[in-house]
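Engineer: after the sequence you'll find the predicted model.
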Amino acid sequence: MIVTIDGVAASGKSSVSGGVARALGIPYVSSGLLYRAATLLGLDAGLDLGDPGALLAHLSSHPVRLEPLAEGNRVWRADRELTDDLHSTRVDKGVSVVAAHPQVRAWVDDQLRALPEPFVAEGRDMGTAVFPHAQHKFYLTASARIRAERRAKERPDDIPDIEAALIRRDELDANQIAPAADAQVLDTGPMTLDEVITTILRAVRA
Ligand SMILES: Nc1ncnc2c1ncn2[C@@H]1O[C@H](COP(=O)(O)OP(=O)(O)O)[C@@H](O)[C@H]1O
Ligand SMILES: Nc1ccn([C@@H]2O[C@H](COP(=O)(O)OP(=O)(O)O)[C@@H](O)[C@H]2O)c(=O)n1
């Protein structure tokens with residue numbers, strides 16, 4: 001079984017996916033972390049993020065491994081853990097450029113499709129391009145302001161700057177951001193985190 005949870009930046013995908021996966025007793029996979037890892041490696045190597053050939057060559061010589069665990073995903077490059085360095089404003093600013101390359105998307109999708117079921121997969125295009133046959137598909141939205149207020153608890157930046165950055169990233173992600181036609185769309189703005197998790201679990205268990 002595959003459950004997909006897609007949505008815009010800071011809509012609650014990771015928190016909701018983790019809660020749903022823990023309740024179901026299965027791992028969850030955060031596809032965005034692979035795009036973030038590719039971005040971080042490119043930045044640290046001083047590469048042009050607009051050059052997919054250079055990025056893929058670097059990734060092939062520095063293999064990245066995603067470890068999906070019920071309590072959260074961990075990302076490794078060889079024996080160096082990258083996880084804690086992936087959610088930074090520096091990576092946020094470059095990741096949409098990296099994610100726009102079809103070669104990088106294929107690099108991510110190949111790793112995701114090799115994972116053994118069952119799992120929850122969260123990202124942008126899990127229910128459309130990557131797992132179109134998933135049994136349960138959900139898509140999370142919320143206003144940019146609400147998302148910025150939530151993200152502000154985790155970042156040093158102020159809310160208007162975070163809101164502008166989220167809107168900008170949603171625009172850059174436009175090619176992969178549309179919900180699947182058969183996804184249940186949830187506006188998480190008026191909902192607590194637990195209410196979103198409960199709503200999804202009720203649908204999965206129905
Ligand atoms: N429905 C909700 N109500 C309140 N806070 C939420 C809700 N969903 C997520 N959050 C919080 O918002 C922040 C961003 O959520 P996150 O899961 O990181 O989003 P994404 O993975 O889509 O970027 C986190 O601090 C999370 O705990
Ligand atoms: N399935 C996915 C997941 C992420 N991404 C890209 O990776 C970036 C980071 O994804 P993320 O899910 O970690 O971002 P947040 O929504 O957590 O801020 C997104 O802004 C997209 O550019 C994508 O293109 N496709």
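Structural biologist: Sure thing, it's come through. The shown structure was predicted, so the numbers you read here are calculated from the model rather than taken from an experiment. Ligands and ions are numbered 1, 2, ... in the order given.
Engineer: just checking, Val187 touches Ala142?
Structural biologist: For residue 187 the amino acid is Asp, not Val. Yes - at 6.4 Å, Asp187 counts as touching Ala142 under the criterion of Cβ atoms under 8 Å. (Each C-beta comes from the backbone N, C-alpha and C, glycine too.)
Engineer: so these two - more neighbours on which side?
Structural biologist: Using other Cβ atoms under 10 Å as the criterion, Asp187 and Ala142 rank with Ala142 on top: 22 against 14.
Engineer: find the nearest non-adjacent residue to the more buried one, please.
Structural biologist: If the residues on either side of it in the chain are set aside, Ala142 comes closest to Gly189, at 4.3 Å by Cβ to Cβ, 6 or more residues apart in numbering.
Engineer: contacting residues for the one you found?
Structural biologist: Contacts for Gly189 were tallied using Cβ atoms under 8 Å, 6 or more residues apart in numbering; they are 141-143, 146.
Engineer: closest to Ser31 out of these?
Structural biologist: Using Cβ to Cβ, Thr141 comes nearest to Ser31 of those, at 17.8 Å.
Engineer: per-residue confidence for the closest residue to that closest one other than its chain neighbours?
Structural biologist: Excluding the flanking residues, the one nearest Thr141 by Cβ to Cβ, 6+ apart is Asp187, at 5.3 Å. Looking at Asp187, its pLDDT stands at 97.
Engineer: got it, and Asn175?
Structural biologist: Asn175 is assigned a pLDDT of 88 by the prediction.
Engineer: what about the helices in the protein?
Structural biologist: Ranges of helices within the chain are 13-24, 31-44, 52-61, 89-99, 102-113, 144-151, 159-172, 193-205, based on DSSP state H.
Engineer: which secondary structure elements does the last one sit against?
Structural biologist: This points to helix 193-205. Taking 3 or more Cβ pairs under 8 Å, 6 or more residues apart in numbering; DSSP states H and E as contact, the helices and strands that helix 193-205 lies on are strand 2-7, helix 13-24, strand 136-141, strand 184-187.
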